[in-house]
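Participant: A predicted structure for the sequence below; I have some questions about it.
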Amino acid sequence: MEWLTDPWAYPFMQNAFLAATLVGLICGITGTFVTLKGLAFMGDALSHAIFPGVVLAYIVGGSFLIWAMVAAVIVAVLIGVVSSHARLNNDTAIGVLFVGAFAVGIAIISTQQTYARDLTSLLIGSILGVSRRDLYLTALVGAFVVTVILLTRRELSAIAFDAVFAEAFGIRVRFYELLFLVLLSLTIVMSLQTVGNILVLALLVTPSATARLLTVRLPAMIGLSAAIGAFSGLAGLYLSYHLAISSGASIVLVATGIFALVFLFSPRTGIITTAIRQQRHYPHPEHDTFASS
Amino acid sequence: MNTTPNGSSWLETDSLSVHFGDRSALESVSLTFAPSEIVALAGPNGAGKSTLLRCLAGVLQPSHGVVRLHGDVIHRPSPDVVYVPQRTAVDWTFPSSVIDVVLMVRMRRRSRFRPYSKEDRSLAMEHLAIVGMDHLANVQISQLSGGQQQRVFLARALLADGSIYLLDEPFTGIDAPTQELISGLLGQLCQSGKTVISATHDLEQAAATSDRIILVNRTVVAAGPPDEVLTAANLGAAYGGHFSALARLAGKDAA
Ligand SMILES: Nc1ncnc2c1ncn2[C@@H]1O[C@H](COP(=O)(O)OP(=O)(O)OP(=O)(O)O)[C@@H](O)[C@H]1O
Ligand SMILES: [Mg+2]
């Protein structure tokens, strides 16, 4: 029991626990559509594309969250515009723009003297530095993202299921795709302080991929993904506290561990469970009915 | 504008042309469609059948000319036009069951703040029953055969309830009972006052089940009742004369 209650004695740990659970939950929900729409590369790109915004926040001053969001939204819109060109597919547009944006950040930062420390916290997060104010902002942005996703769930899933149908049905496909990219950018920026921009992709993709293995219903997938994300945040932070390892890494490792367990042992789709079931059903391959024909 | 009052202009194209880059897929196509008719679009591969249907559906903007629906030029898809494309971009791994797919078309009638109602679900089940798929309502969509998938998309189209149905090759890759089922349903749609326009490669079937056949090959080669359109001269003009069934079909007409 003390193992569970100990860390809560410190106010900064309380903030950290709340932030980690919240970020896990929200990434789990946004991540469901990242997985369904095959946007993992896009998520990765956006988490890097905000770099120039972060750099500018350090240099010019002002809210790091706002600068990062501005950078992410600009890059998301540019990717949408470039990939609408008939000869370039989405992945190509992402590749061109995210490295370009990253380079802008590096160019700006190379004019500065003291950036090593700030850079590390951007890459792996600094969850123990989360203040009450940061927490409120995270909750606010998160509530906004989740509300919009839930209200547009039918359009988003119709587009992910069958974009040709969605368009013919009169859904404004490009509008909703852009809207989702903006929501994804907000989710990523909101998660930066907690897990850092390298690991945020894992929170977007891993819980939803795990949920996908467990269910064939979309509402259940969203719920499971949110629950796995929140649990990973909470459990990961305990691990990090007790084993003294980086919090971002331990959160992601919990999520990855759950994925591995489900991948191997889930009742319906686990590869080991399936193999055992097949053994039971076909114990004697020499009696195969096709062999006699 | 030459729009006639009160619905007498149902659906029409006015010198419609579509260019992809410097290639032209359709050239000055002017057609009119009336309520309660079944029209077949025929022509060789690459003739522009799908392109024409996409213009009528409002998902493709013509390079020149216009499509008018009930007298108004359309610039985007209308709820009154139900389009079932030739190739869908369906993600078969998507976590949804057969009934979820059919329910999609109730989206417009249901507030985004509410889940689908009992009424939505029972309507979806009714339409699945029409195509004989109600017993598979809760099956994951990826577990269906191609023909079963086609039936589900047809149920969804029926539930969408437009006044114009555009179907791109609904009979391709489908067994005889399903073909019969689909053409029976299309006949019923037509009887209830709807227009059904489908692209097809099966001229015999088109001749047997359509009120009108439109032969296209970049332009309209011929349009009218099957026995007037399916002549050796027209088929030769549309298919370029290398069509072994030409003689047979034209012969049957003459007989
Ligand atoms: N998106 C596109 N970009 C470029 N060219 C296109 C596009 N869609 C169609 N085309 C061209 O337009 C022409 C007509 O194509 P369309 O798909 O309408 O033919 P179709 O009559 O439906 O043929 P099929 O019987 O093979 O389905 C073809 O030459 C095709 O190459
Ligand atoms: Mg076609």
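Facilitator: Perfect, thanks for sending it. Numbering: from 1, shown residues only, chains lettered A, B, ... in the order given. Ligands and ions are numbered 1, 2, ... in the order given.

Participant: Tell me which residues of stretch A:92-103 come out buried.
Facilitator: For stretch A:92-103, the buried set under the neighbour-count rule, 16 or more other C-beta atoms under 10 Å in any protein chain shown, comprises A:93-94, A:96-98, A:101-102. C-beta: built from backbone N, CA, C; applies to glycine.

Participant: Stretch A:238-253 - what's its average pLDDT?
Facilitator: For stretch A:238-253, the per-residue pLDDT values average out at 90.

Participant: cool, stretch A:166-186 as well?
Facilitator: Stretch A:166-186 shows a mean pLDDT of 89.

Participant: re earlier: just checking: which of the buried residues of stretch A:92-103 also lie near ligand 1?
Facilitator: With C-beta under 6 Å from any ligand atom as the criterion, these include none near ligand 1.

Participant: Give me every residue in chain B lying close to chain A.
Facilitator: B:57-59, B:76-79, B:83, B:85, B:87-91, B:94-97, B:100-101, B:104-105, B:107-108, B:112-113, B:140, B:160 (C-beta under 8 Å from any C-beta of the partner chain).

Participant: what sits against B:Val105?
Facilitator: A:169, B:156-157, B:159-160 (C-beta atoms under 8 Å, 6 or more residues apart in numbering or on different chains).

Participant: which SS class is it?
Facilitator: Following DSSP: H, G, I helix; E, B strand; the rest coil, B:Val105 is assigned to helix.

Participant: Whichever residue of chain B sits closest to ligand 2: how many residues sit nearby?
Facilitator: At 3.1 Å from ligand 2, B:Ser50 is the closest residue in chain B, using C-beta to the ion. When neighbours are counted by other C-beta atoms under 10 Å in any protein chain shown, B:Ser50 registers 18.

Participant: The strand or helix carrying it near ligand 1 at all?
Facilitator: According to DSSP states H and E, B:Ser50 maps onto helix B:49-57. Yes. Judged by C-beta under 6 Å from any ligand atom, helix B:49-57 comes into contact with ligand 1 through B:49-51.

Participant: out of the residues you listed, who's nearest chain A?
Facilitator: B:Ser50 (11.3 Å; C-beta to the nearest C-beta).

Participant: And that closest one, how far from B:Tyr83?
Facilitator: As judged by C-beta to C-beta, to the nearest Å, B:Ser50 and B:Tyr83 stand 11 Å apart.

Participant: Quickly list what's touching both of these two.
Facilitator: B:Asp168.

Participant: In this structure B:Leu26 contacts B:Ser17, no?
Facilitator: Yes. Applying C-beta atoms under 8 Å, one finds B:Leu26 in contact with B:Ser17, separated by 5.8 Å.

Participant: These two: which has the busier surroundings?
Facilitator: Shown here are B:Leu26 and B:Ser17; by other C-beta under 10 Å, B:Leu26 has more neighbours (24 against 18).

Participant: got the angle between the helix or strand the more buried one falls within and helix B:49-57?
Facilitator: Per DSSP H and E, B:Leu26 falls inside strand B:23-33. Strand B:23-33 runs at 60 degrees relative to helix B:49-57, counting by axes from the mean of the first three to the mean of the last three C-alpha atoms, to 10 degrees.

Participant: So strand B:23-33, near ligand 2 or not?
Facilitator: No. If you take C-beta under 5 Å from the ion as the test, strand B:23-33 misses ligand 2, and the best it gets is 10.6 Å.

Participant: How about the secondary structure of the residue nearest the centre of chain B?
Facilitator: Residue closest to the mean C-alpha point of chain B, counted by C-alpha atoms, centre = their mean, is B:Leu167 at 1.8 Å. Following three-state DSSP, B:Leu167 is assigned to strand.

Participant: Please, where are all the strands along the stretch 1-150 of chain B?
Facilitator: Secondary structure of the stretch 1-150 of chain B (DSSP state E, counting those that start in this stretch): strands located at B:11-20, B:23-33, B:38-42, B:64-69, B:72-73, B:81-84.

Participant: Turn the ones you listed into TSV, including mean pLDDT.
Facilitator: Converted to TSV, the strands of the stretch 1-150 of chain B look like this (pLDDT from 0 to 100):
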stretch	mean pLDDT
strand B:11-20	94
strand B:23-33	94
strand B:38-42	95
strand B:64-69	94
strand B:72-73	92
strand B:81-84	93
